[in-house]
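Asks: here is a sequence with its predicted model. Questions after.
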Amino acid sequence: MATKKRKFRKSPKPLVEVPGAPIRHLAECSPHRTTGGRFVEGITQFDAEYESHIESGVLNHLLLCHDVRAITSQASEEPYSLEGKIRHHIPDFTVDAFVDGLRLEVKSLTFLVREDSLDKYVAIARAYRERQIPFAFLVDAQLAEEPRSSSVKLLSRYVTSRVPANNVARITETLTAGPLSILDLMTRASVELVDVWSMIATRKICFDWSIPLHPRTTVVSLPAQPFGGLALESIIGSGRYSGLLAEMAMGRRPANKPLLADAATWRRSRQPVSPRGFFGGAVLGAPLRSLTEEERLFRNAYHRGGFSLGQVAGSIDAGK
């Protein structure tokens, strides 16, 4: 019996050609995925769209970077050769930052280092290099770097916030004398914490990103007095896999085989091996006590009818 060929939905072309507009809209060409987008005046000319939680995280990082001047998603299409065939690649984001027109490919690290993925994305990177188009990878392992990851999750909520002009003036004037802790700044400038978060998120004041963000301990300053803002170049070069990703972005397969193997399992627990943990899984702690005979779960589904697991949990707590 002959099988029918799958029909893929083509990306709709815009009715009106606008210079710099995305060549496709994810919400229309990928309706089965969880898509979204953000618009920030002065940074995104059009809605910057994403189709995964990793791309959403990258977008949150980009909007907080002081060296990022413009962000466009799905902005161009470039040909590349793989297995003797000409294919086409659409980068997730095109960014004007420390270099103009930087193409960013966002992927899960474990997916990127798979054997079939390596061939594909090395070929894509090689095609960009041959055309002298700047290209880089960003992966979830880099987004998970702490304490930066937690700070981005907090500040990304305030990227589009508007601080009253009189509050901006008081904060700026107060910090002219030098850096202050957030609590001291709030007291001297008579502002709320939301004003400080918004000023950081809109790149008007800075802090040390290598230290956890907290009102009591974080010290803030005006840009470059002395703290600088988050930079995309530093994010691309962060993490233990940055060298591997840079090598791939140059169009070469990584030469460090042990690091490549480690990248495939970077999410796995690094707990020390013990007899129980090695053969029976992770050891989270000693049990409170053994279950009595009447507390044991029935193996047969028929006998489990009407049985509540909460009764077992309650009896365990009661027997401590």
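Replies: Okay, I see it. Numbers count the residues shown, from 1 in each chain.
Asks: what does the strand or helix carrying residue 94 contact?
Replies: Applying DSSP states H and E as the criterion places residue 94 in strand 93-96. Applying C-beta atoms under 8 Å, 6 or more residues apart in numbering, the contact partners of strand 93-96 are 48, 55, 58-59, 62, 68-73, 75-76, 101-104, 106, 232. All C-beta spots, glycine's among them, are computed from the backbone N, C-alpha and C.
Asks: if you set the cut-off to 7 Å instead, what comes out?
Replies: With C-beta atoms under 7 Å, 6 or more residues apart in numbering as the contact definition, strand 93-96 has outside contacts at 58, 62, 68-73, 75-76, 101-104, 232.
Asks: surely residue 64 meets residue 201?
Replies: Yes: with contact defined as C-beta atoms under 7 Å, residue 64 reaches residue 201; the gap is 6.5 Å.
Asks: which neighbours do the two share?
Replies: With C-beta under 7 Å, 6+ apart, residue 64 and residue 201 have common neighbours 155, 159.
Asks: those two: which has the busier surroundings?
Replies: Counted by other C-beta atoms under 10 Å, residue 64 and residue 201 do not tie: residue 64 has more neighbours, with 24 against 21.
Asks: okay, now the closest residue to the more buried one other than its chain neighbours: neighbour count?
Replies: Nearest non-adjacent residue to residue 64, counting by C-beta to C-beta, 6 or more residues apart in numbering: residue 230, 5.1 Å away. Residues lying near residue 230 (other C-beta under 10 Å) number 23.
Asks: now do the same contact list for residue 230.
Replies: Residue 230 makes contact with 64-66, 209, according to C-beta under 7 Å, 6+ apart.
Asks: could you check how far it is from residue 236?
Replies: With distances taken as C-beta to C-beta, to the nearest Å, residue 230 is found 12 Å from residue 236.
Asks: now do residue 198
Replies: According to C-beta to C-beta, residue 198 and residue 236 sit 27 Å apart.
Asks: so for these two, which sits in the more crowded spot?
Replies: Here residue 198 and residue 236 are compared on neighbour count by other C-beta under 10 Å; more neighbours surround residue 198, at 25 against 20.
Asks: SS state for residue 138?
Replies: Judged by DSSP: H, G, I helix; E, B strand; the rest coil, the three-state class of residue 138 is strand.
Asks: that one contacts residue 58, correct?
Replies: Yes: at 5.3 Å, residue 138 counts as touching residue 58 under the criterion of C-beta under 7 Å.
Asks: which residues do those two both contact?
Replies: residue 106.
Asks: helix, strand, or coil at residue 103?
Replies: strand.
Asks: that one reaches residue 128, doesn't it?
Replies: Yes: between residue 103 and residue 128 there is a contact under C-beta under 7 Å: 6.3 Å.
Asks: overlap in contacts of these two?
Replies: residue 135.
Asks: what segments of this protein are strands?
Replies: In the chain, the strands defined using DSSP state E lie at 36-38, 48-50, 70-73, 78-82, 85-89, 93-96, 102-107, 135-139, 180-181, 206-207, 219-221.
Asks: so which of those comes closest to residue 145?
Replies: Across the strands of the chain, residue 145 has its closest neighbour in strand 135-139 (10.9 Å, C-beta to C-beta).
Asks: so what pLDDT did residue 258 get?
Replies: We have a pLDDT of 91 for residue 258.
Asks: now do the contacts for residue 238.
Replies: Contacts of residue 238 (C-beta under 7 Å, 6+ apart): 142, 145.
Asks: try 10 Å
Replies: By C-beta atoms under 10 Å, 6 or more residues apart in numbering, the contact list for residue 238 reads 138, 141-143, 145, 148.
Asks: could you dump these to TSV with distance to residue 122, pLDDT and neighbour count?
Replies: Formatted as TSV, those follow (distance: C-beta to C-beta, whole Å; pLDDT from 0 to 100; neighbours: other C-beta atoms under 10 Å):
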residue	distance to residue 122	pLDDT	neighbour count
138	16	97	25
141	18	94	20
142	19	95	23
143	22	95	22
145	24	93	14
148	28	96	21
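Asks: apart from its neighbours in sequence, what residue is nearest the residue most central in space within the chain?
Replies: What sits nearest the mean C-alpha location of the chain, by C-alpha atoms, centre = their mean, is residue 57, with 3.0 Å. In space, and not counting its chain neighbours, residue 57 is closest to residue 143: 4.7 Å by C-beta to C-beta, 6+ apart.
Asks: next, count neighbours for residue 224.
Replies: 10.
Asks: between the contacts of residue 230, which has the most around it?
Replies: Greatest neighbour count in these, by other C-beta under 10 Å, goes to residue 64: 24 neighbours.
Asks: what about stretch 58-70, average pLDDT?
Replies: 96.
Asks: how about that stretch: buried residues?
Replies: Going by neighbour count (16 or more other C-beta atoms under 10 Å), the buried part of stretch 58-70 is 58-65, 67-68, 70.
Asks: and those residues, which is closest to residue 264?
Replies: Proximity of the buried residues of stretch 58-70 to residue 264 (C-beta to C-beta) peaks at residue 58, which lies at 20.9 Å.
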